[in-house]
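Participant: Got a sequence here, can you model it:
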Amino acid sequence: MVKKLVMAQKRGETRALCLGVTMVVCAVITYYILVTTVLPLYQKSIWTEESMCHLIETNIRDQEELKGKKVPQYPCLWVNVSAAGRWAVLYHTEDTPDQNQQCSYIPDNLDNYPTARADVEKVRARFQEKRVFYCFSTTLVNETSVLYRRLYGPQALLFSLFWPTFLLTGGLLIIAMVKSNQYLSILAAQK
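Facilitator: Residues are numbered from 1 along each chain as shown. Got it, this is the predicted structure:
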């Protein structure tokens, strides 16, 4: 009976150690992926200064106004603001200028034109209602754009690192508990 108990305990310990080691390995792989993907985006972000933006004008650019230019056919919002003592174009995130430099805000649902138009009008109404708001600017002198929201800010970096840290801590805790259990059983067997 004692031998069966020791064998069952040994199998359970082995499985628990494998779980702990697997969790630690997964956490290390996740840290590597985050360091090679998210961290460079955070470091390259030039919009680091939080400043107050004062709304100058908003304009909904519709498909009729955009026909002569090489842009997709959807409604978008153009917002001009005064930030850090200069005139600037407000972009929703860091990726918005890459999608279309003529739009400050691009709606999510571009397949349905009336829904996209309603979304743009709702965002425009919010800007008209709240004429002073926080935005992110840069220290570069010749930059004429600011951001409403940073995709690659400190909060995103911390949120990205939370789960791998949780996984690493849990794995190390499991390994420590199994090893302390083994040590205590050796001490008990010696007595």
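Participant: In terms of residue numbering, what are the domains of this structure?
Facilitator: Using the TED database, the domain ranges for the chain come out as 1-44+155-186, 48-150.
Participant: How far away from the center of its chain is the last one?
Facilitator: Relative to the chain's own centre, domain 48-150 is displaced by 20 Å; criterion: CA atoms, centre = their mean, to the nearest Å.
Participant: on that earlier part again, arrange the domains of the chain in JSON lines, one row each, with mean pLDDT and mean neighbour count as further columns.
Facilitator: Backbone N, C-alpha and C define where each C-beta goes, glycine included. Putting these into JSON lines (pLDDT from 0 to 100; neighbours: other CB atoms under 10 Å) gives the following:
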{"stretch": "domain 1-44+155-186", "mean pLDDT": "85", "mean neighbour count": "13"}
{"stretch": "domain 48-150", "mean pLDDT": "80", "mean neighbour count": "16"}
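Participant: Give me the distance between residue 149 and residue 106.
Facilitator: 13 Å (CB to CB, to the nearest Å).
Participant: Now for those two: what residues contact both?
Facilitator: When contacts are counted by CB atoms under 8 Å, 6 or more residues apart in numbering, residue 149 and residue 106 are jointly contacted by residue 92.
Participant: Remind me which helix or strand residue 37 belongs to.
Facilitator: helix 2-44 (DSSP states H and E).
Participant: packing partners for that helix?
Facilitator: helix 154-190 (3 or more CB pairs under 8 Å, 6 or more residues apart in numbering; DSSP states H and E).
Participant: which residues sit in contact with the most centrally placed residue in the chain?
Facilitator: In the chain, the residue lying closest to the centroid (CA atoms, centre = their mean) is residue 156, at 3.8 Å. Residues in contact with residue 156, defined by CB under 8 Å, 6+ apart, are 38, 42, 150.
Participant: how close does it get to residue 36?
Facilitator: Residue 156 is 16 Å from residue 36, by CB to CB.
Participant: now do residue 164
Facilitator: 13 Å.
Participant: Then residue 92?
Facilitator: Separation of residue 92 from residue 36 (CB to CB) stands at 26 Å.
Participant: same question, residue 134
Facilitator: 31 Å.
Participant: and if you look at residue 24?
Facilitator: Taking CB to CB, one finds residue 24 at 19 Å from residue 36.
Participant: before we move on, what about residue 48?
Facilitator: 22 Å.
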